[in-house]
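1. Sharing a sequence plus its predicted fold:
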Amino acid sequence: NFKFVYKMATQATGGAQGIDISQLPIQQLDELNQKINQEYNYILNAVQQLKGLQQQFANSKESLTTFKPANKDKEILVPLTSTLYVPGKLCDPNHVTVDIGTGYFVDMEVKKAEDYLQRRIDYISKQVDKINPSLEEKGMTRHVISEVLQQKIQATIAAQQKEQGAASSKSKLDKVAEES
């Protein structure tokens, strides 16, 4: 039997209030389960987006390896979007234009661009590391609430079947008594 206390923040006190979820009715448990699932999915989506952004930075950093003096004036494909490339020529292999976000672009030396992209990759890694414990906690909470909910539903079904069985047995006894 679970004795799990779910802590909810209260708006009035700003603190956390513990709730023994095994004492909640099925409807409230189901609502709590849905709320925790939404929070879990929100955090999971945020982590996935961060990891996708991190991969984009890593890909950009990797593409900087082609910027070498030996490749000057060579034909290249220039990415306009993640799926659209146009032909171009590498005129200056020592400088690149870097998208630093919100529509701003900065000309940088290749080495500075590599350093910038590595800082962005490291920053995102730290953010994911900060979020992961919350994701794991929500996952465990979600699992426990789901188990308690399933136990309560099964107990309710068993009780209903027991009542139906008792009612059926009583009606059979009543028929036997009437026939006697």
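-> Thanks, I have it. Here the structure is a predicted model, which is why all the values come from computation and not from measurement.

2. buried stuff in the helix or strand that contains Gln38?
-> Element membership of Gln38 [criterion: DSSP states H and E] is helix 26-63. Across helix 26-63, burial judged by 16 or more other CB atoms under 10 Å covers 29-30, 32-33, 36, 40, 43, 47, 50, 54, 56-57, 60-61. Quick note: C-beta positions are derived from backbone N, CA and C, even for glycine.

3. in this structure, which spans are helices?
-> Assigned by DSSP state H, the chain shows helices spanning 26-63, 110-179.

4. Among those, show the one with the smallest mean pLDDT.
-> Comparing mean pLDDT over the helices of the chain, the weakest stretch is helix 110-179, at a mean of 88.

5. check contacts around Phe67.
-> Leu90, Pro93, Asn94, Val96, Val110 (CB atoms under 8 Å, 6 or more residues apart in numbering).

6. How much space separates Lys152 from Gln38?
-> Lys152 is 21 Å from Gln38, where distance means CB to CB, to the nearest Å.

7. show me the contacts for Thr97.
-> Phe105, Val106, Asp107, Met108.

8. so what pLDDT did it get?
-> At Thr97, the pLDDT value in this model is 91.

9. At the geometric centre of this structure, which residue sits there?
-> Leu44 (0.6 Å; CA atoms, centre = their mean).

10. to the chain's geometric centre, what's the distance from stretch 68-82?
-> Its chain's average C-alpha position is 36 Å from that of stretch 68-82, according to CA atoms, centre = their mean, to the nearest Å.
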